[in-house]
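1. predicted model follows, preceded by the sequence.
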Amino acid sequence: MKLNDIRDNPGSSKERTRVGRGIGSGKGKQSGRGGKGQTARSGVRIKGFEGGQMPVHRRLPKRGFNAPFSTDYNEVNLGRVQQAIEAGKLDGAKLVTLEALIAAGVCAKARDGVKILGNGELKAKVAFEVAAASKSAIAAIEKAGGSVKLLIAAPAESA
């Protein structure tokens, strides 16, 4: 094969349609844009305009709700923490905080704190200081001999 033999696959590229090049081309005069008016002009077509009638996207009600004070936690499973300890990225003897998890590469960036979830198995005795933890995670940590200190107070359960 020589460099001058190299070609695209047949049908892989298509020449663009040259509009406005005479009546014989089939795309002359108005270049496939129809008659006169707003839609024949460049850059002025109003999307969703219904001739002055209230457009459908404004007739339909808004849906959903965005909570203004919602919290976005880094969710970390116990199995992932155990992997980091076994890999030597996380020191199980020291206090495990958000900063320690970010330094170990377990969390990508600091959000509103860390929530420990109970998926996986924790074998090491680890002390956590986190924003939140699930009940199963707290039980698994205490079973392994560790402790959990929650930075945000859990809501009091009514009796």
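-> It's in. Just so it is clear, the structure is predicted and the values come from calculations on it, not from any experiment.

2. ok, the residue of the chain most remote from its centre to residue 149 distance?
-> In the chain, residue 24 marks the outermost C-alpha relative to the chain mean, sitting 51.5 Å out by CA atoms, centre = their mean. Distance, residue 24 to residue 149, using CB to CB, to the nearest Å: 83 Å. In this view, the C-beta of every residue, glycine as well, is placed from N, C-alpha and C.

3. how much space separates the residue farthest from the centre of the chain from residue 148?
-> 81 Å.

4. could you look up the SS state of the residue positioned nearest the centre of the chain?
-> The geometric centre of the chain, computed from its C-alpha atoms, lies nearest to residue 72 (CA atoms, centre = their mean), at 12.5 Å. Assigned with DSSP: H, G, I helix; E, B strand; the rest coil, residue 72 falls in the coil class.

5. tell me how far residue 34 lies from residue 135.
-> 66 Å.

6. no, scratch that, I was asking about residue 107
-> Counting by CB to CB, the gap from residue 107 to residue 135 is 22 Å.

7. residue ranges with poor pLDDT in this protein?
-> Counting by pLDDT under 70, the chain shows low-confidence ranges at 153-159.
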